[in-house]
Each structure stands twice: as structure tokens, then as C-alpha cells.
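1. need coordinates for the following:
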Amino acid sequence: MMKAIYFNEFGSPVDDFDALQLGEVPLPEIKENEVLVKMVAASINPGDFLFIQNLYPEPKKPVFPQQIGGNYGAGIVTKVGSKVSFKPGTFVTFGYYNTWAEYAAVPAEWLIPLPSDYPIEKAAQFFNLITAWDLLEQSKVQSGQWLALTAGNSSVATMVSQLAKLRGVHVISIVRKTHDHLDLQTLGVSHVIDLSQLSGNIKEPIMEITQNKGLHGLIDAVGGPLSSDLIQSLSFGGQVVIYGNYSSEKFEFHNYDILMNNIGINAYLYQYFLTPPKPEDRKVLQKIIDVTGKAEFQVSIGGMHRLEDFKNAVHGSLHFPEQGKRFFTFPL
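-> Here you go, the predicted model:
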């Protein structure tokens with residue numbers, strides 16, 4: 001038996017997902033193509049809550065009884081199936097299912113091996129690092145150009161800003177409110193726009209900061225009127241990448257705002273959400289490991305919790321996301 005956080009009915013953020021409970025469940029049996037991973041850390045993500053609400057598409061649907069929560073994490077391979085080449089003792093990260101437990105059975109194709117000394121707090125949220133890398137790539141912003149990030153205090157945004165700085169990209173971070181504990185300018189941001197202090201259209205400070213060059217890219221997790229104004233702040237050929245929707249409002253623009261400026265608008269759905277990494281992806285994944293494994297690359301940490309503290313962990317993730325990413329950690 002093992003400890004796990006599971007649910008037997010769909011939950012809601014209104015009640016801090018009271019459907020979740022901690023208990024003993026059977027240790028998973030592995031198939032010939034699977035490994036048994038002893039979890040070291042598992043991140044708590046917005047997507048995990050969508051899973052508990054049954055908002056993910058097929059095949060990512062909860063299966064009752066005792067559906068274990070969590071989709072991302074890192075751990076040590078302890079047992080392998082007969083058709084698996086991984087060796088016991090390998091440190092791995094993965095996005096699959098059932099990470100809020102002491103052990104997880106994972107098909108080997110979903111695993112990404114990591115160096116044994118890769119920081120645990122980065123391993124647990126490695127798929128956020130992949131997302132940050134992909135978002136920057138999809139924005140097509142080049143060295144010397146300007147990139148705007150909405151939800152600038154978020155974990156993904158702070159990862160993007162650091163990757164962007166390494167490429168010589170100028171970053172404008174747009175936040176609802178600045179926080180004393182989070183110095184975005186140490187995380188690659190050139191300028192911060194605090195919406196709580198802004199009067200008027202955001203286009204004016206954008207054009208002032210960029211010396212009327214405008215934005216070459218926008219990575220947006222907010223939507224609503226803010227997105228409308230930022231789209232109108234893009235230079236010719238600018239790219240918009242949408243990966244979230246914090247606003248309950250729609251954004252609007254005229255066709256000419258897009259057509260006459262040759263603006264591209266694209267969506268980003270998390271890589272490896274429904275399909276595992278491909279062998280040809282290993283080269284890029286290794287680049288991400290090499291860049292983010294360095295001590296100077298920082299990731300946000302809101303708290304590390306044992307499974308027994310899951311109610312505080314969930315509450316903090318829901319209501320204080322600006323404090324950083326929260327994890328479940330497991331004794332070795």
C-alpha cells in the first residue's frame with residue numbers, strides 16, 4: 001500500500017476541491033512497457049484542477065474509484081518492465097497521471113531522463129520549462145526586439161523572461177500588481193507595467209518603452225480588453241501566442257488591426273499533453289535541461305508540502321499563485 005491524494009467525485013475550486021482526500025491505495029503494478037517511479041516531487045498546477053473538474057478532453061478523464069490527482073512530477077525509477085531499457089536508479093521527470101502519490105506506474109515512452117544532480121524544484125515543474133521554451137520559440141521574437149508577457153508574475157512568465165534575456169530579447173512584463181518578494185528585473189525583465197498603477201490605455205507606455213517600435217511578440221495568458229490593447233501595440237508582422245485565459249471577458253479587434261499589420265495569432269496547447277515525447281525531441285529537451293539546470297536560472301517556489309498538508313497546498317495554489325509554484329515532496 002502507499003499514500004496518495006485521490007478523489008471519488010468531481011471537485012470545484014469554489015470549495016478548494018474538498019473532493020480530494022488522503023488515504024492508502026494499492027501500490028501500482030507495472031506492465032511490460034512500464035516503470036515504477038518512486039516520486040520525489042510533484043508540482044501542483046492549474047491543469048491538475050481542470051482534471052479534477054473533468055474538463056480535460058479524452059483520454060484524460062478521471063477514472064473512479066480512487067482517481068489519484070496530479071499530472072506532473074519527478075522521481076527515481078525503482079522497477080522496470082521486461083521491455084524497458086531504463087535502469088533502476090535513473091532520475092526522471094514526466095507528465096502523465098497519478099503523481100500525487102508515493103509511487104506511480106508510467107509507460108517508459110513518457111519519461112524524460114534527467115541528470116542525477118538536476119535540481120528537484122526544477123525537475124518537478126520541468127514541463128513548465130518546456131512550455132516556456134516553446135512559447136518563446138513560437139513568438140518568433142529575435143535579439144534586440146520587444147516581447148510582452150501578460151500574467152508576468154506567473155511561474156511560466158518568469159521562465160520565459162529568463163530564456164528571452166539569454167537570447168537578447170527585451171521583455172516587458174505586465175502584472176496586476178507588483179510584489180516585494182518577486183523582483184522581475186532579476187529574472188530577465190527589462191520593464192514592468194503594473195496595471196494597478198496604470199491610468200489609460202496600455203499602448204502609451206508600451207510605445208514609450210519601445211521608442212515607438214512597438215511589440216514584436218505577445219505571449220498572453222489573460223485575454224479580455226488587455227489583449228485587445230496589446231494587439232494594437234504590435235509592430236508589423238508581430239506574433240501573438242495565447243496559452244491561458246485569466247480574464248472572464250472577450251477581447252475584440254477590427255480585422256484591419258490584424259490584416260494591415262500582418263499580425264499572426266496562434267494558440268499553444270501544452271506539448272506532450274496527449275502524446276509522449278518523440279525520439280527526435282531529445283536534442284531540444286537536452287538543451288532545455290542544460291540551460292535551466294544552471295544555478296543562475298531561477299524557478300519560483302511557493303512552498304514544498306508533504307501529502308498530509310495537501311489542503312494548505314491546494315489552498316495556496318488556488319488563492320496565492322503569485323507566491324510561486326507549490327509541490328508535494330516525498331521522503332527518499
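2. center of the chain - which residue?
-> Asn128 (3.2 Å; Cα atoms, centre = their mean).
3. which residues touch that residue?
-> By Cβ atoms under 8 Å, 6 or more residues apart in numbering, Asn128 lies in contact with 43, 45, 155-156, 159, 299, 325. From N, CA and C alone the C-beta is placed, and that goes for glycine too.
4. isn't Pro225 right next to Phe253, touching?
-> No: with contact defined as Cβ atoms under 8 Å, Pro225 does not reach Phe253; the gap is 10.5 Å.
5. tell me where the stretch 151-300 of the chain has helices.
-> With DSSP state H, counting those that start in this stretch applied, the stretch 151-300 of the chain shows helices at 155-166, 203-209, 224-231, 255-259, 282-292, listed in chain order.
6. near the closest residue in space to Gln125 that isn't next to it in sequence, how many other residues are there?
-> Once flanking residues are discounted, Gln125 sits nearest to Ser43: 4.5 Å by Cβ to Cβ, 6 or more residues apart in numbering. Per other Cβ atoms under 10 Å, the neighbour tally for Ser43 reads 28.
7. and for Ile206?
-> 25.
8. which residue is the nearest non-sequential neighbour of it?
-> Ser233 (4.3 Å).
9. wait, that neighbour sits on Ile209?
-> No: contact criterion Cβ under 8 Å: Ser233 and Ile209 do not qualify, at 10.0 Å.
10. more neighbours: these two, which one.
-> Legend: neighbour count by other Cβ under 10 Å for Ser233 and Ile209, higher for Ser233 (21 against 17).
11. about what we covered before: from the contacts of Asn128, pick the one nearest Tyr272.
-> Tyr272 has its nearest neighbour among the contacts of Asn128 in Asn45, at 13.5 Å by Cβ to Cβ.
12. what sits against that closest one?
-> With contact taken as Cβ under 8 Å, 6+ apart, Asn45 is in contact with 71-72, 125, 128, 317.
13. most neighbours among those, which one?
-> Neighbour counts for the contacts of Asn45 peak at Gln125, which has 29 neighbours (criterion: other Cβ under 10 Å).
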